[in-house]
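1. Sequence and predicted model, in that order:
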Amino acid sequence: MTATLRRLQGSRAREEPERGAAVVDFALIGGLLTVIFVAIIQLTLVLHVRNTLIDAASSGAR
């Protein structure tokens with residue numbers, strides 16, 4: 001019984017450094033994806049405003 005318990009505790013000790021790694025990975029990747037998503041939204045807004053200004057200038061020049 002104690003040999004089995006020691007073996008289980010030994011395997012748990014080997015897995016201990018990996019504990020919480022998924023949370024850290026999720027936080028890093030989640031932050032990066034959020035920044036990329038916001039950058040894409042900002043780019044679409046800039047292009048929309050640019051196209052609106054170009055259209056307004058061409059309409060005013062007629």
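-> Received the coordinates, thanks.
2. Do you have the helices of this protein handy? List them.
-> With DSSP state H as the criterion, the chain has helices at 2-15, 21-61.
3. Can I get those helices in TSV including mean pLDDT and mean neighbour count?
-> C-beta here means a position set from N, CA and C on the backbone, and glycine is covered the same way. Converted to TSV, the helices of the chain look like this (pLDDT from 0 to 100; neighbours: other Cβ atoms under 10 Å):
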stretch	mean pLDDT	mean neighbour count
helix 2-15	60	9
helix 21-61	96	10
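4. how far away is residue 33 from residue 40?
-> Distance of residue 33 to residue 40, given as Cβ to Cβ, to the nearest Å: 11 Å.
5. May I have stretch 44-58 exported as PDB, CA atoms only?
-> Provided in PDB are the C-alpha atoms of stretch 44-58 (Å, rounded to 0.1, in the frame of the first residue of the first chain):
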ATOM      1  CA  THR A  44     -11.600  48.800 -41.100                       C
ATOM      2  CA  LEU A  45     -12.700  52.000 -39.400                       C
ATOM      3  CA  VAL A  46      -9.800  54.000 -40.900                       C
ATOM      4  CA  LEU A  47     -10.600  52.600 -44.400                       C
ATOM      5  CA  HIS A  48     -14.300  53.400 -44.000                       C
ATOM      6  CA  VAL A  49     -13.500  57.000 -43.000                       C
ATOM      7  CA  ARG A  50     -11.000  57.400 -45.800                       C
ATOM      8  CA  ASN A  51     -13.500  56.100 -48.400                       C
ATOM      9  CA  THR A  52     -16.200  58.400 -47.000                       C
ATOM     10  CA  LEU A  53     -14.000  61.400 -47.200                       C
ATOM     11  CA  ILE A  54     -12.900  60.600 -50.800                       C
ATOM     12  CA  ASP A  55     -16.600  60.200 -51.800                       C
ATOM     13  CA  ALA A  56     -17.500  63.400 -50.100                       C
ATOM     14  CA  ALA A  57     -14.700  65.300 -51.800                       C
ATOM     15  CA  SER A  58     -15.600  63.900 -55.200                       C
END
